[in-house]
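Asker: Model the following, please.
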Amino acid sequence: MTHVPLPPLDAENAAHPCAEPQPRSRTRPKLGHYTIHDVAALAGVSSVTASRYFNAPHKVSQKLRERIDAVIAQTGYAPNQIARRLASTHGGPVGAIMQNVSSPTFAQMVRGMTDALEAQGLQLLLANTEYSVDTESRAIRAFVGWHPSGLILTRGDHSPAIDSLLQTLQIPIVEAWEILEGRPYHQVGFSQHDVGLMLAEHFLQQGARRVRFAMAQGAHGTQDTRAERRAQGYSQAMQQAGLSSDIVRVAADDDYAAGLAHATRLAQESAEQRPDAVIFAHDHLALTALLRAPTLGLSIPRDCAIAGFGDVPLASIVEPGLTTVRTQPYKIGEQAAATLVAAMQNAAGELTAPTVHHVPCELVVRNSSRLRA
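Answerer: Presented below is the predicted three-dimensional model:
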């Protein structure tokens, strides 16, 4: 790496005290800190090129990037993010608020968003809410304080106060993961209701008459509202078939404890009471029940067929393989970011009309859901 001589941080005019003061050099650090203009002068490029290096590096030649790299390495310069945001409506960070970043599914979604945003020179700021509306509210307010270029939210059922706040913001907003009717923002994802309908119909078409929907209720009464909407789709399918719904919720500290509680309940029910099939709200519940079933005296699917949601890697490895619904989290994240960028680049400088991008799900049928005659 080429060494670029730097001016001393504490040097003052070396002229005689009585000499006429000289104008401050543009390359001099101000208050002990280097500016973007200092970096540009030291690298021998224009300030516009130096700014483009941070905002759109793909538009700067390799040779110039190396020169700017060398100056940054020696000065430790980092752009002032607040100043950048105030100077431009297109270069600020993008805030994304996730419901559960520890989930492999949402991790894939984050990767899709990150890849798409980094290609545009945009930085992603991430917050996790663990399905809490209150936590989401605090995260949104914190992000708004940073004047983001846009927001990606992974729920469409915010608190009334947050809904009001979002409608005052003059920035693009994308609600990703779920499609809901009547939302005023861009949406990318799929219908949770339709997923529940699809899973119920899978069992009903095999002749099942007693089908249960098994859910977990988290600490402090928190609920996965998406699973609730899948349960609504299941209920609609049961009603259309002239059958009663059977939605069971258990309170537990984590998904695995909830899955065990559901499996234990199944084992304690008589063959006449036990459902023909159980739709678990997601794969972690279903896999826990499937793996624990043999020790409880249950045979899956002979005694009870089961299905989940999410298609985690273990679903195809266990025996019997778990029937589930496969989503496309990376594609949803990528499309959400692309939708946001397109709205940010709107030539008219105005908010664009809400768009809806459907990313379909796939029912993956394995042996766990095959009812026996």
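
Asker: In the stretch 201-350 of the chain, mark out all the strands, start to finish.
Answerer: Per DSSP state E, counting those that start in this stretch, the stretch 201-350 of the chain has strands spanning 211-217, 247-251, 277-280, 305-307, 324-326. These are given in chain order.

Asker: following the lowest-mean-pLDDT helix or strand in the chain, which helix or strand comes up?
Answerer: Within the chain, no helix or strand scores below helix 81-87, which has a mean of 51 by mean pLDDT, DSSP states H and E. Downstream of helix 81-87, the first helix or strand assigned by DSSP states H and E is strand 94-98.

Asker: So what are the sheet partners of that following strand and their directions?
Answerer: strand 124-128 (parallel), strand 150-153 (parallel) (DSSP bridges).

Asker: Return the most buried member of these.
Answerer: strand 150-153 (a mean of 26; mean count of other CB atoms under 10 Å). No exception for glycine: its C-beta is placed from N, CA and C like everyone else's.

Asker: Just checking, which helix or strand succeeds that strand along the chain?
Answerer: Past strand 150-153, the next helix or strand by DSSP H and E is helix 160-168.

Asker: Send over that following helix as PDB, restricted to the C-alpha atoms.
Answerer: C-alpha atoms of helix 160-168 as PDB (Å, rounded to 0.1, in the frame of the first residue of the first chain):
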ATOM      1  CA  PRO A 160     -52.100   2.300  16.800                       C
ATOM      2  CA  ALA A 161     -49.500   4.900  17.800                       C
ATOM      3  CA  ILE A 162     -46.800   3.500  15.500                       C
ATOM      4  CA  ASP A 163     -49.300   3.200  12.600                       C
ATOM      5  CA  SER A 164     -49.900   6.900  13.100                       C
ATOM      6  CA  LEU A 165     -46.200   7.700  13.300                       C
ATOM      7  CA  LEU A 166     -45.400   5.700  10.200                       C
ATOM      8  CA  GLN A 167     -48.000   7.600   8.100                       C
ATOM      9  CA  THR A 168     -46.300  10.900   8.900                       C
END
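
Asker: And it, what's buried?
Answerer: For helix 160-168, the neighbour count (16 or more other CB atoms under 10 Å) marks 162, 166 as buried.

Asker: same deal with stretch 316-328?
Answerer: Buried, per 16+ other CB under 10 Å, within stretch 316-328: 318, 320, 321, 322, 323, 324, 325, 327, 328.

Asker: Then stretch 139-153?
Answerer: Of the residues in stretch 139-153, those buried (16+ other CB under 10 Å) are 139, 140, 143, 144, 148, 149, 150, 151, 152, 153.
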